[in-house]
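Asks: Give me a 3D structure for the following:
(2 chains)
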Amino acid sequence: DAGVTQSPTHLIKTRGQQVTLRCSPKSGHDTVSWYQQALGQGPQFIFQYYEEEERQRGNFPDRFSGHQFPNYSSELNVNALLLGDSALYLCASSSGPGNTIYFGEGSWLTVV
Amino acid sequence: RKEVEQDPGPFNVPEGATVAFNCTYSNSASQSFFWYRQDCRKEPKLLMSVYSSGNEDGRFTAQLNRASQYISLLIRDSKLSDSATYLCVVNKGGSYIPTFGRGTSLIVHP
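Replies: Below is the predicted model:
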């Protein structure tokens, strides 16, 4: 039973570029949430997808967008990258909004 | 005031010690509470849920105090392998979005 999987695990981008991160939820889970975690901080909620729609959004600019596919997998897109976007991006899945979340190993993004 | 606050530590304790962490939350409508553990450069993993009556899982005990709006985690007989960051997580009523504290760092030394 595969857990939450994310790709890529590490990537380096240049300021101003765009990035796409991918997530496949744990088997049986239909809800995907994305978090950003800077060094020394707790994960900060970006948005949550359920039934292919963005259900809730945290305090992040429109440069951050996402998508959920019919198979429940999800993408996080970040446009016009800033140095401050360098962080660990975590995908978490659950069997419905409000249920316990389980994290993938994350994608380490470095913006130079 | 932050929604979920934790002392970042680090808490530096010898093996075998008992250590306790507190976490305060600001939203009185919060309904569910958890502790996650995060190892260095790894993803957070669920350690335990926190129930109103308090609950225990081996060496770990979690407590909830709704009146004072805090939760606690007690670790008895600390092991070297307990060294990690412990994240307090609160689900606000109605939003279903877990809100994380910044974490408390624990270092257990020989």
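
Asks: what does the worst-scoring helix or strand of chain B on mean pLDDT rub up against?
Replies: Every helix and strand of chain B was ranked by mean pLDDT, DSSP states H and E. The lowest is strand B:98-100, at a mean of 90. Contact with strand B:98-100 is made by A:33, A:35, A:42-45, A:101, B:3-4, B:25, B:34, B:36, B:44, B:87-92, as judged by CB atoms under 8 Å, 6 or more residues apart in numbering or on different chains. The C-beta positions use only the backbone N, C-alpha and C, and glycine is treated the same way.

Asks: Mind doing that once more with 7 Å?
Replies: A:Gly42, A:Pro43, A:Phe45, A:Ile101, B:Glu3, B:Val4, B:Leu87, B:Val89, B:Val90, B:Asn91, B:Lys92 (CB atoms under 7 Å, 6 or more residues apart in numbering or on different chains).

Asks: Out of the residues you listed, which end up buried?
Replies: A:Gly42, A:Pro43, A:Phe45, A:Ile101, B:Val4, B:Leu87, B:Val89, B:Val90, B:Asn91, B:Lys92 (16 or more other CB atoms under 10 Å in any protein chain shown).

Asks: Find the residue at the geometric middle of chain A.
Replies: A:Trp34 (3.3 Å; CA atoms, centre = their mean).

Asks: and the two most separated of the buried ones among the contacts of strand B:98-100?
Replies: B:Leu87 and B:Lys92 (16.1 Å; CB to CB).

Asks: tell me which residues in the one helix or strand in chain A whose mean pLDDT sits lowest are buried?
Replies: Least confident helix or strand of chain A, by mean pLDDT, DSSP H and E, is strand A:53-57 with a mean of 93. For strand A:53-57, the buried set under the neighbour-count rule, 16+ other CB under 10 Å, comprises A:Arg55.

Asks: next one: stretch B:62-77
Replies: With the criterion 16+ other CB under 10 Å, stretch B:62-77 contains buried residues B:Ala62, B:Gln63, B:Leu64, B:Tyr70, B:Ile71, B:Ser72, B:Leu73, B:Ile75.

Asks: Now do the phi/psi pair for the residue lying closest to the last one once chain neighbours are set aside.
Replies: To tie it back to what came earlier, the one meant is B:Ile75. Computed as CB to CB, 6 or more residues apart in numbering or on different chains, the closest residue to B:Ile75 that is not its neighbour in sequence is B:Val19, at 5.2 Å. Per-residue torsions, B:Val19: phi -140, psi 150 (degrees, to the nearest 10).
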